[in-house]
Structure formats: C-alpha cells, structure tokens
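> how does the following fold in three dimensions:
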Amino acid sequence: MTITITKENFDREVMQSDKPVLLDFWAAWCGPCRMVSPIIDEIARETPAIKVGKVNVDEEPELAEAFRVMSIPMLAVIKNGKVVKTAVGARPKSEILKLLEA
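Coordinates of the predicted model:
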C-alpha cells in the first residue's frame, strides 16, 4: 500500500519507520511522474519489507524543499531516518528496485 506523505505524518511514517522508506516526489501536471506512479504502486504491493510513500510537491512544498527537490519525479530512499539514495527522472522498475538494495 502506498501512503500519502504530508508534513503532518512525515515524522511518524518516514523518520520513525522501522523499515526502509521509498518516497516518490511527484505532481499531477508532471508527465514522467504519471509514468512512474503505477510502478511505485506495484513495488508497494510486491515488497512488504519496505514502506512506500508519495509526496505531492505542490501540496507539500516544505517537504520538497527539505529534500532539495529540483526536478520531479524524484525518488528518495530513507533508512533509519537518513536519506541513503536519491534518483531523479522516470526510471524502469528494475532501476527503482536497485535503489532499494543499497
């Protein structure tokens, strides 16, 4: 299941997560984001060992700024409250899964 991440639930869902977290920074107007979104949903369904969240950069500008999001889609992998990997741009599922292995 994919969780909508907001500044209200960010600490609880991301920083305090006992599992690695994959965050997808996106916006409704972004074409490549719409290509990545179903892949992210699929990974969320197939990979219970990780938590998957989506951050709408238009609705959550503070979170986008905190992660220094310059281009979207941007993916970030957070482990134990620290960003361990980021990737910008649409990626195939295999590349997204590789990010999670780090």
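
> drop to CA atoms for contacts and neighbour counts, all remaining ones
Noted.

> what is the burial count for Glu101?
Residues lying near Glu101 (other Cα atoms under 10 Å) number 8.

> make 29 the first number, not 1, from now on.
OK, 29 is where the count begins now, so the last one is Glu129.

> ok so Asp52 is a helix residue?
No: if the criterion is DSSP: H, G, I helix; E, B strand; the rest coil, then Asp52 is strand and not within a helix.

> so what's it up against?
By Cα atoms under 8 Å, 6 or more residues apart in numbering, the contact set of Asp52 is 68, 80-83, 101-104.

> show me the residue at the heart of the chain, geometrically.
Nearest to the mean C-alpha position of the chain, by Cα atoms, centre = their mean, lies Leu51 at 1.3 Å.

> report how many residues lie close to Lys113.
Neighbour tally, Lys113, other Cα under 10 Å: 15.

> what's the helix or strand for the closest residue to it other than its chain neighbours?
Spatial nearest neighbour of Lys113, excluding adjacent residues (Cα to Cα, 6 or more residues apart in numbering): Val105 at 5.2 Å. Using DSSP states H and E, Val105 sits within strand 102-107.

> so which bits of the helix or strand that that strand is followed by are buried?
Downstream of strand 102-107, the first helix or strand assigned by DSSP H and E is strand 110-116. Neighbour counts over strand 110-116 (16 or more other Cα atoms under 10 Å) mark 114-115 as buried.

> average pLDDT for the next helix or strand after strand 110-116?
Following strand 110-116 in sequence order, the next helix or strand is helix 121-129 (DSSP H and E). Computed over helix 121-129, the mean pLDDT rounds to 94.

> packing partners for helix 121-129?
On a contact count with 3 or more Cα pairs under 8 Å, 6 or more residues apart in numbering; DSSP states H and E, helix 121-129 meets helix 59-74.

> which is the next helix or strand following the helix it packs on?
Once the chain leaves helix 59-74, the next helix or strand it forms, by DSSP H and E, is strand 79-84.
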